[in-house]
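S.K.: just to be clear, the model below is a prediction. Sequence and coordinates:
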Amino acid sequence: MAASRTCDGVQRRDFLRVGALGMGALGLNLSGFLRLSAAGEVAKATAKSAIFINLTGGPSHMDTFDLKPDAPAEYRGTFNPIKTVASGVEISEHLPKLAAQADKFCVLRGVSHTLGAHQLGTEYVNTGNRPIQSLEYPGYGAVVTKELGGPKDLPPFVAIPNSNQRTGFLGVQYAPLNTTAAPKPGQQYGVRGISLGNGLTIEEVERRQNLLSDLDRTFAKVEKDSQLLTGLDRFSEQAHSIITSKRARDAFDVSKESPKFAEPFGGDTFGMSCLLATRLIESGVRFVTLTLGGWDTHQNNFTNLKTKQLPQLDTGVAALLNGLHQKGLLDSTAVFVTGEFGRTPKINSRSEEGGRDHYPRCMFMLLAGGGVKGGQVIGESDEKAAMPKNEAITPDDVAATFYHTLGIDHTREYHTNTGRPIMIVRDGHVIRKALS
């Protein structure tokens with residue numbers, strides 16, 4: 001997926017810098033990545049894994065999951081609501097495939113915060129904690145990796161293609177393995193450091209592994225007390241396990257899916273990324289992030305949504321939810337879909353058809369799987385979708401609920417390297433209505 005530029009001049013890839021450091025800018029190889037990724041203790045949970053889908057740029061709630069057909073024309077826009085398979089739940093006419101899967105997800109309306117800048121809003125919805133200058137909170141993937149770990153022969157946290165979730169004070173040992181590219185139909189797909197390519201064979205990997213083991217023993221004799229070398233053999237062994245693991249290579253090989261199963265995902269990069277995510281979860285990867293950019297629709301809002309954004313979202317997420325269901329994985333996989341904020345209820349005049357600007361006071365989020373009760377709407381906005389009608393849902397509340405589905409106590413305290421105690425989510429409360 002190409003990097004998309006938001007209105008403040010920041011490219012999406014700039015949001016992803018920390019995630020990219022996990023396997024890119026710092027030049028970490030797989031062995032180095034795994035040395036930094038020791039698993040935390042396993043917690044009992046309704047969900048065993050999770051998929052986080054970030055809609056960067058801020059999607060319009062009024063044109064997707066919170067339409068107001070009775071509002072004045074300058075607010076309601078040109079889209080109409082349609083019925084879904086969930087009784088009483090209506091969404092945009094340009095999301096027909098999701099309408100057919102509405103029994104599988106819960107719509108949260110009237111989600112509200114006050115951070116209208118892309119980066120700040122992104123940090124908030126990716127951590128469940130309002131950003132502060134004195135501390136960087138870890139994203140969901142880092143926390144889940146620390147708490148739940150993963151199989152020895154698979155990376156616990158995979159980002160397709162990169163992630164805007166940061167590791168915060170937990171450190172880069174919990175950073176994702178970035179695929180750096182999305183799969184494409186009809187093309188061989190490989191992930192550097194896992195897929196064997198350029199004539200490399202298992203025998204060559206084994207030969208190199210033996211050489212590394214010899215070097216490790218030599219350095220260990222010289223620096224017996226070096227903390228840097230502590231556990232080196234264990235992490236090298238894990239890297240070796242992944243590279244030589246048929247399960248790891250197969251997990252990233254979307255061509256192994258049957259054409260019948262793959263067809264609903266479509267041929268664009270987001271749909272193919274959703275297909276890869278289902279395969280990774282099935283293989284045992286603990287946490288997967290997906291990114292769909294392009295939602296910063298200050299101009300030509302309706303054309304952009306109708307012709308590009310909504311068809312991609314509709315096809316990809318609908319196929320993802322149904323695919324997880326078909327594989328028997330939806331109940332054990334928590335799915336979270338969100339942008340950093342909503343968009344202004346009143347249409348601007350920046351283009352011939354108008355657009356919508358940043359608007360954090362009212363937005364939508366979606367939850368599915370992992371003990372979430374689908375087929376319902378929680379929360380409500382006012383008659384113009386300008387504010388929550390009653391009590392607001394906060395990103396903190398949704399974060400607490402997301403962690404709850406994974407069996408993680410959001411009030412658990414971590415300690416920074418200075419000994420400062422920090423709760424995973426400091427202000428959120430579990431939304432009990434969202435749970436089965």
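M.R.: Everything's here; your move. Numbers count the residues shown, from 1 in each chain.
S.K.: which parts of stretch 129-139 are buried?
M.R.: Residues of stretch 129-139 classed as buried: 129-131, 136-139 (neighbour count, 16 or more other C-beta atoms under 10 Å). Any C-beta I mention is one placed from the backbone N, CA and C, and that applies to glycine too.
S.K.: for that stretch, the distance to its chain's centre please.
M.R.: Chain-centre distance of stretch 129-139: 18 Å, with C-alpha atoms, centre = their mean, to the nearest Å.
S.K.: quick one: contacts of it?
M.R.: Residues outside stretch 129-139 that contact it (C-beta atoms under 8 Å, 6 or more residues apart in numbering): 113, 115, 120, 123-124, 126-128, 146, 163-170, 174, 395-396, 399, 416, 420, 422, 425-427.
S.K.: which of these fall within helices?
M.R.: If you go by DSSP state H, the contacts of stretch 129-139 have 120, 123-124, 146, 395-396, 399 in helices.
S.K.: most widely separated two among those residues?
M.R.: 120 and 146 (24.1 Å; C-beta to C-beta).
S.K.: which of the two has more residues huddled nearby?
M.R.: For residue 120 and residue 146, the more surrounded residue by other C-beta atoms under 10 Å is residue 146, and the numbers stand at 24 against 16.
S.K.: that one contacts residue 171, doesn't it?
M.R.: No: using C-beta atoms under 8 Å, residue 146 is not in contact with residue 171, being 9.6 Å away.
S.K.: what is the strand or helix carrying residue 367 packed up against?
M.R.: If you go by DSSP states H and E, residue 367 is part of strand 363-368. Here strand 363-368 touches strand 105-111, strand 333-339, helix 395-405, going by 3 or more C-beta pairs under 8 Å, 6 or more residues apart in numbering; DSSP states H and E.
S.K.: how about those in JSON lines, adding mean pLDDT?
M.R.: Listed next are these as JSON lines, based on pLDDT from 0 to 100:
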{"stretch": "strand 105-111", "mean pLDDT": "98"}
{"stretch": "strand 333-339", "mean pLDDT": "98"}
{"stretch": "helix 395-405", "mean pLDDT": "98"}
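S.K.: as JSON lines, the ones you listed with distance to residue 67 and mean neighbour count would be great.
M.R.: Below are the helices and strands packed on strand 363-368 laid out as JSON lines (distance: least, C-beta to C-beta, whole Å; neighbours: other C-beta atoms under 10 Å):
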{"stretch": "strand 105-111", "distance to residue 67": "10", "mean neighbour count": "25"}
{"stretch": "strand 333-339", "distance to residue 67": "16", "mean neighbour count": "27"}
{"stretch": "helix 395-405", "distance to residue 67": "21", "mean neighbour count": "26"}
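S.K.: turn these into TSV, including distance to residue 267.
M.R.: TSV is the format used below for those (distance: least, C-beta to C-beta, whole Å):
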stretch	distance to residue 267
strand 105-111	24
strand 333-339	21
helix 395-405	30
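S.K.: would you list every one of the strands in the stretch 1-150 of the chain?
M.R.: Assigned by DSSP state E, counting those that start in this stretch, the strands in the stretch 1-150 of the chain fall at 49-55, 81-83, 90-92, 105-111.
S.K.: go through the ones you listed and name the closest to residue 365.
M.R.: Closest to residue 365 of the strands of the stretch 1-150 of the chain is strand 105-111 (C-beta to C-beta; 4.4 Å).
S.K.: now do that closest one: which elements does it pack against?
M.R.: Strand 105-111 packs on strand 363-368, strand 376-378, helix 395-405, going by 3+ C-beta pairs under 8 Å, 6+ apart.
S.K.: and of the ones you listed, who's closest to residue 384?
M.R.: Across the helices and strands packed on strand 105-111, closest to residue 384 is strand 363-368 (C-beta to C-beta), at 14.2 Å.
S.K.: what strands line up against that closest one, and which way round?
M.R.: In the sheet, strand 363-368 lines up against strand 105-111 (antiparallel), strand 333-339 (antiparallel) (DSSP bridges).
S.K.: can you tell which of those strands is closest to residue 279?
M.R.: Between the strands paired with strand 363-368, strand 333-339 lies closest to residue 279; by C-beta to C-beta that is 12.3 Å.
S.K.: parallel or antiparallel, which strands does whatever helix or strand comes next after the closest one pair with?
M.R.: Using DSSP H and E, the next helix or strand after strand 333-339 towards the C-terminus is strand 342-343. Strand pairing for strand 342-343, determined by DSSP bridges: strand 358-359 (antiparallel).
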